[in-house]
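In: 3D model of this:
(chains A and B)
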There are 2 protein chains.
Amino acid sequence: MKKLINDPDSVVVDALHGVAAAHPELRVDFDHQIVFRAAAPEAGKVALISGGGSGHEPLHGGYVGVGMLDAAVAGQVFTSPTPDQVAAAITGVDGGAGVLQIVKNYTGDVMNFEMAAELANAETGVEVATVIVNDDVAVQDSLYTAGRRGVGATVFVEKIAGAAAAAGKDLAQVTEIAQSVIDNARSYGVALTSCTVPAVGHPTFDLPEDEIELGVGIHGEPGRERAKLKTAAEIAEHIVNAVTSDYDFAGSETIVMLNGMGATPQIELYLVYGEVAKLLAEKGIRVVRNLVGNYITALDMAGCSLTVMKADEEKIALWDAAVNTPALKWGN
Amino acid sequence: MKKLINDPDSVVVDALHGVAAAHPELRVDFDHQIVFRAAAPEAGKVALISGGGSGHEPLHGGYVGVGMLDAAVAGQVFTSPTPDQVAAAITGVDGGAGVLQIVKNYTGDVMNFEMAAELANAETGVEVATVIVNDDVAVQDSLYTAGRRGVGATVFVEKIAGAAAAAGKDLAQVTEIAQSVIDNARSYGVALTSCTVPAVGHPTFDLPEDEIELGVGIHGEPGRERAKLKTAAEIAEHIVNAVTSDYDFAGSETIVMLNGMGATPQIELYLVYGEVAKLLAEKGIRVVRNLVGNYITALDMAGCSLTVMKADEEKIALWDAAVNTPALKWGN
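Out: This is a model prediction of the structure:
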């Protein structure tokens, strides 16, 4: 295993020291492994938190800042944060208007965030709402998941619900728009290589030099099938078909993300995006905004995923609203 | 070789189709493989161009936009663009105030940009100034290079000179600030793995599973030495010592970039940045701005590089000035 680390057991907290050094506008609670917006709590604003296992950077710490999250809780690599950690985030960001927690659909995360909400509510009376992101169309159940996995749409939920909260919407309204993002977004991923969890030291799965994993999860969970290595055009077609056969985007305006899994160079991501854009246009799907890059990763996995969300006027306006985080920054 | 491509020979133009699809604010000349700012040429503004071999994305196409480059010329992977290509960029961006070309110090690039300047000047009379970036302290001469290689400081030159041009400085002034960035910046890189050029199909160099290349170039050129895999803290110390023993940054304000080579996850980059920040502080070097991420890559190489630039008030103000490009975006 070749990684730029000191000790497999201290990867997350060591990386958080780098986050703290790089971003004076954030505040890191090293004990609870939480990245806070330094300005949080903000009185009267609905606060947003998210979190989960580490290894998906920039998700979630890279999305803490103005117009997105108020805090992100970091579990160990690919491991849910504990209820105590999450509860500390909830009470730490509450400005009196309640807290929305954005949870990816993995059994451990769902359970621990739910317990955290109860703990925090019992402690301070804070009102906590929860949305569960479950956009991955690849498989119905999976390792660590009952139902669909939560992947790329999480970035869209955090951006759009974050903008709604920044605009002064109340907890019910912010929760509603978050849920609407989830309901209207679908994702699908492909791996060219496995990832290697530092504390494990060897690849999570074996993938022969001429094969790819179609429908892979962001922890290396198996997808729909193994296939021989294909061209980018063929892979794009497979991905686009998987996403669009699950939700009818035809005739709609959409926001699209072509995401890298961590070890895929940007030249390849743009190349795939070119193929995806062509295929979506052929299906009458209009892309009005896009992201191409590493937004939700799986450590050092090579591969990519596609997320497509149907966008109405409100969601586009919230997408365009000012955001200032380490990983998404515009409009200010 | 596992890559998300269609054909090793069409990687660059295929990726440019994705850039065009993703960025309506840019205009792509596919024949000459040039990414233009759609608003270029801008009458009366000094225009900036850069370019070189592809495979270093987001450099250079990702830095085309308001406050940075007016055009980026893409050669084939790791291959200089031809004089014809570069001349088309020069004449395409000239708004009457002259053109500064920012060239990384590789023999082919230096020669071809020089010929392009003569061609363009002969054709339209455009005034062309050139700066050569040569910030890599690893080796004196190298494969493809007489003198020091040009690496990470290129990003700083493009940002700071781009802001100077946007602020209305004339060609001599923009050239002077660009040269001052070069004179005050130093870089050094480390590889954990080789990269693989698509048209070659196998890794550029062999690196055993327990070894790293210290001082590597962005095309996989050899550095100073092979070493056994070390901890991130030890690697950071080696890098910081290489950079700071070449230029006395002690007591200065600096802008620092901890850059990923393409296949290194962000969690590792932040981890290394934490070590680097600590070491710089111990040496009395004050970091006033920083970047942590993939800014100048070497295809799918795993590894990182450090760039440190001494920053005065003028450079910090130009750094902070609004920029709106695919890969750098703030202040607007």
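In: From here on, just use CA atoms for contacts and neighbour counts.
Out: OK.
In: tell me which residues in stretch A:181-188 are buried?
Out: Within stretch A:181-188, the residues that count as buried by 16 or more other C-alpha atoms under 10 Å in any protein chain shown are A:181-188.
In: closest to chain B among the residues you listed?
Out: Each of these was scored against chain B by C-alpha to the nearest C-alpha, and A:Tyr188 proved nearest at 15.5 Å.
In: That closest one sits in which helix or strand?
Out: strand A:185-191 (DSSP states H and E).
In: what's that strand packed up against?
Out: Where contact means 3 or more C-alpha pairs under 8 Å, 6 or more residues apart in numbering or on different chains; DSSP states H and E, strand A:185-191 is packed against helix A:153-166, strand A:211-214, helix A:232-244, strand A:303-310.
In: For the nearest residue to A:Arg37 once chain neighbours are set aside, list the residues it contacts.
Out: Counting by C-alpha to C-alpha, 6 or more residues apart in numbering or on different chains, A:Arg37 lies nearest to A:Leu26, which is 4.7 Å off, once chain neighbours are set aside. A:Leu26 makes contact with A:20, A:35-38, A:64-65 under the criterion C-alpha atoms under 8 Å, 6 or more residues apart in numbering or on different chains.
In: Secondary structure, neighbour count and distance to B:Asn6 added to those, as JSON lines?
Out: Output for those, formatted as JSON lines (DSSP: H, G, I helix; E, B strand; the rest coil; neighbours: other C-alpha atoms under 10 Å in any protein chain shown; distance: C-alpha to C-alpha, whole Å):
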{"residue": "A:Ala20", "secondary structure": "helix", "neighbour count": "19", "distance to B:Asn6": "41"}
{"residue": "A:Val35", "secondary structure": "strand", "neighbour count": "29", "distance to B:Asn6": "40"}
{"residue": "A:Phe36", "secondary structure": "strand", "neighbour count": "25", "distance to B:Asn6": "43"}
{"residue": "A:Arg37", "secondary structure": "strand", "neighbour count": "26", "distance to B:Asn6": "42"}
{"residue": "A:Ala38", "secondary structure": "coil", "neighbour count": "19", "distance to B:Asn6": "45"}
{"residue": "A:Val64", "secondary structure": "strand", "neighbour count": "32", "distance to B:Asn6": "37"}
{"residue": "A:Gly65", "secondary structure": "coil", "neighbour count": "26", "distance to B:Asn6": "38"}
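In: nearest to B:Val256, of these?
Out: A:Ala20 (14.9 Å; C-alpha to C-alpha).
In: I'd assumed A:Phe30 was in contact with the closest one.
Out: No. Between A:Ala20 and A:Phe30 there is no contact, the gap being 9.6 Å when judged by C-alpha atoms under 8 Å.
In: State the pLDDT value of A:Ala129.
Out: You'll see A:Ala129 listed with a pLDDT of 98.
In: whoops, A:Val28 was the one
Out: 98.
In: ok, now A:Gln140?
Out: At A:Gln140, pLDDT is 87.
In: what does the one 3 residues further on give?
Out: In this prediction, A:Leu143 carries a pLDDT score of 76.
In: got the phi/psi numbers for the residue nearest to it when sequence neighbours are not counted?
Out: Closest residue to A:Leu143 apart from its sequence neighbours, by C-alpha to C-alpha, 6+ apart: A:Glu221 at 6.1 Å. When quoted as degrees, to the nearest 10, the phi and psi of A:Glu221 stand at phi -60, psi 150.
In: Equivalent analysis for the one 4 residues further on, please.
Out: Recorded main-chain torsions at A:Glu225 are phi -170, psi 160, according to degrees, to the nearest 10.
In: looking at it, it is touching A:Gly215, isn't it?
Out: Yes. Taking contact to mean C-alpha under 8 Å, the distance of 7.3 Å between A:Glu225 and A:Gly215 places them in contact.
In: Find the residues that touch each one of these two.
Out: If you check A:Glu225 and A:Gly215 against C-alpha under 8 Å, 6+ apart, no residue is contacted by both.
In: How far does stretch A:53-67 sit from its chain's centre?
Out: Relative to the centre of its chain, stretch A:53-67 is centred 8 Å away, using C-alpha atoms, centre = their mean, to the nearest Å.
In: Chain B contacts on the stretch 151-300 of chain A?
Out: Residues of the stretch 151-300 of chain A lying near chain B by C-alpha under 8 Å from any C-alpha of the partner chain: A:192, A:209-210, A:229, A:231-233, A:262-275, A:277, A:290-292, A:297, A:299-300.
In: Just the buried subset of the residues you listed, please.
Out: When burial is judged by neighbour count using 16+ other C-alpha under 10 Å, the buried members of those are A:192, A:229, A:232-233, A:262-275, A:277, A:290-292, A:297, A:299-300.
In: In helices, which of those residues appear?
Out: A:232-233, A:266-275, A:277 (DSSP state H).
In: Reformat those into TSV and put distance to B:Asn105 and pLDDT next to each item.
Out: Listed next are these as TSV, based on distance: C-alpha to C-alpha, whole Å; pLDDT from 0 to 100:
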residue	distance to B:Asn105	pLDDT
A:Ala232	33	98
A:Ala233	35	98
A:Gln266	23	98
A:Ile267	22	98
A:Glu268	26	98
A:Leu269	27	98
A:Tyr270	26	98
A:Leu271	27	98
A:Val272	31	98
A:Tyr273	31	98
A:Gly274	31	98
A:Glu275	34	98
A:Ala277	36	98
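In: returning to what we had before: could you report the neighbour count for the residue nearest to A:Leu143?
Out: Counted with other C-alpha atoms under 10 Å in any protein chain shown, the burial measure for A:Glu221 works out to 17 neighbours.
In: surely it meets A:Asp141?
Out: No. In this structure, A:Glu221 sits apart from A:Asp141 without contact. The criterion is C-alpha under 8 Å, and the distance is 10.5 Å.
In: At the geometric centre of chain A, which residue do we find?
Out: Centre of chain A computed as the mean C-alpha position; nearest residue by C-alpha atoms, centre = their mean is A:Thr154, 3.9 Å away.
In: List the contacts of it.
Out: Neighbour list for A:Thr154: A:102, A:104, A:133 [criterion: C-alpha under 8 Å, 6+ apart].
In: Next: A:Glu275.
Out: Applying C-alpha under 8 Å, 6+ apart, we find A:Glu275 in contact with A:232-233, A:236-237, B:18.
In: re earlier: any idea which of the contacts of A:Thr154 is closest to B:Gly150?
Out: Distance to B:Gly150 across the contacts of A:Thr154 (C-alpha to C-alpha) is lowest for A:Lys104, with 42.5 Å.
In: which residues touch that closest one?
Out: The neighbourhood of A:Lys104, defined by C-alpha under 8 Å, 6+ apart, consists of A:52, A:110, A:132-134, A:149-151, A:154.
In: could you point out which element follows whatever helix or strand A:Gly53 lives in?
Out: A:Gly53 is located in strand A:47-54, with elements delineated by DSSP H and E. Toward the C-terminus, strand A:47-54 is succeeded by strand A:71-77 as the next helix or strand (DSSP H and E).
In: tell me which strands and helices that following strand is in contact with?
Out: Applying 3+ C-alpha pairs under 8 Å, 6+ apart, we find strand A:71-77 packed against helix A:11-22, strand A:34-37, strand A:47-54, helix A:83-93.
In: Is it possible to get TSV of the contacts of A:Thr154 that adds distance to A:Lys159?
Out: What follows is the contacts of A:Thr154, written out as TSV (distance: C-alpha to C-alpha, whole Å):
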residue	distance to A:Lys159
A:Ile102	11
A:Lys104	15
A:Val133	13
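In: May I see those organised as a markdown table, with secondary structure added?
Out: Putting the contacts of A:Thr154 into a markdown table (DSSP: H, G, I helix; E, B strand; the rest coil) gives the following:
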| residue | secondary structure |
| --- | --- |
| A:Ile102 | strand |
| A:Lys104 | strand |
| A:Val133 | strand |
